[in-house]
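*Asks:* quick one: sequence and predicted model below, then my questions.
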Amino acid sequence: GQQVMQIPQYQHVQEGEDFTTYCNSSTTLSNIQWYKQRPGGHPVFLIQLVKSGEVKKQKRLTFQFGEAKKNSSLHITATQTTDVGTYFCAPGSGNTGKLIFGQGTTLQVKP
Amino acid sequence: NAGVTQTPKFQVLKTGQSMTLQCAQDMNHNSMYWYRQDPGMGLRLIYYSASEGTTDKGEVPNGYNVSRLNKREFSLRLESAAPSQTSVYFCAILGRANEKLFFGSGTQLSVL
């Protein structure tokens, strides 16, 4: 599995502000997935990005995959208290099946 | 987390005790995973199994053993528990269509 660095580790925002988390790799990734974990819950799959420069949207969430396929980002527009949780990226495992996660970004939203 | 069942949900052990965490799936998928989650450390892969009868080490395998006796079940065993193994343990299965992971609800383990 390939290693990724996720930043920032923590982010506190006021409700209504935007939020972005970044996932960076030193090597080219085949694809990347994003997961969300609510406090006390288990990780839940959000999306997978495969193509260079790909951008996908889910309501207020925008996911991007870099042109070089070495980085990815998740941007939340106008955060809400329901966005609270930890967001993880996970690079594709290729043929190994070994799925490694980034360290995660924990988002706190102040109402 | 429909389709992935983890037992028990909570467990307290004394140092040196052994126990087995159970994971069962009803989705008929090949690949299964065990992760541990500690504050500030994210999810770390312990072991995984690409198919029935095969297992491979992940990032942090020391102190653990696994068993994949059939397609449905993947168990994680702590032979001699240590306080450093206090953590939340998640089992996950890999979906066929787009390789997304489905997680169980987790086991909160405390080793005193």
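*Replies:* The structure has been received and is ready for your questions.

*Asks:* which stretches of chain A have low pLDDT?
*Replies:* Applying pLDDT under 70 to chain A flags residues A:1-2, A:94-96.

*Asks:* bridging residues for the residue nearest the centre of chain B?
*Replies:* Centroid-nearest residue in chain B: B:Trp34, 3.0 Å away (criterion: CA atoms, centre = their mean). Beta bridges link B:Trp34 to B:Tyr47, B:Cys91, judged by DSSP bridges.

*Asks:* do you know how far it is from B:Thr20?
*Replies:* 12 Å (CB to CB, to the nearest Å). (Each C-beta comes from the backbone N, C-alpha and C, glycine too.)

*Asks:* again, but for B:Ile46
*Replies:* When distance is defined by CB to CB, B:Ile46 is 13 Å away from B:Thr20.

*Asks:* how long is stretch A:40-52 end to end?
*Replies:* Taking CA to CA, to the nearest Å as the measure, stretch A:40-52 stretches 34 Å from start to finish.

*Asks:* low-confidence bits of chain B, can you list those?
*Replies:* Applying pLDDT under 70 to chain B flags residues B:1-2, B:97-98.

*Asks:* at 50 what do you get?
*Replies:* Counting by pLDDT under 50, chain B shows low-confidence ranges at B:1.

*Asks:* just the strands in it please.
*Replies:* Listed in chain order, the strands found in chain B under DSSP state E are B:4-7, B:10-13, B:19-25, B:32-38, B:42-49, B:56-57, B:65-67, B:75-78, B:87-94, B:101-103, B:107-111.

*Asks:* who's in contact with the first one?
*Replies:* Contacts of strand B:4-7 with the rest of the structure, by CB atoms under 8 Å, 6 or more residues apart in numbering or on different chains, involve B:21-27, B:89-93, B:102-107.

*Asks:* how about the residues of chain A that lie near chain B?
*Replies:* Contact residues, chain A versus chain B (CB under 8 Å from any CB of the partner chain): A:1, A:6, A:9, A:31, A:33, A:35, A:41-45, A:48, A:88, A:90, A:92-93, A:97-104.

*Asks:* buried subset of those as a PyMOL selection?
*Replies:* Selection of buried members from the residues of chain A next to chain B for PyMOL, criterion 16 or more other CB atoms under 10 Å in any protein chain shown:
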select buried, chain A and resi 1+6+31+33+35+42+43+45+48+88+90+92+93+97+98+99+100+101+102+103+104
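
*Asks:* among the residues of chain A next to chain B, which are in strands?
*Replies:* Counting by DSSP E, the part of the residues of chain A next to chain B found in strands is A:6, A:33, A:35, A:44-45, A:48, A:88, A:90.

*Asks:* overlap in contacts of B:Trp34 and B:Thr20?
*Replies:* Shared contacts of B:Trp34 and B:Thr20, defined by CB under 8 Å, 6+ apart, comprise B:Leu76.

*Asks:* surely A:Lys82 is in a strand?
*Replies:* Let me fix one detail, which is that residue A:82 is Thr and not Lys. No: if the criterion is DSSP: H, G, I helix; E, B strand; the rest coil, then A:Thr82 is helix and not within a strand.

*Asks:* just give the number of residues close to it.
*Replies:* 8 (other CB atoms under 10 Å in any protein chain shown).

*Asks:* cool, and B:Arg44?
*Replies:* Residues lying near B:Arg44 (other CB under 10 Å) number 17.

*Asks:* touching, it and B:Tyr35? I think so.
*Replies:* Yes: counting by CB atoms under 8 Å, B:Arg44 does reach B:Tyr35; the two are 6.3 Å apart.
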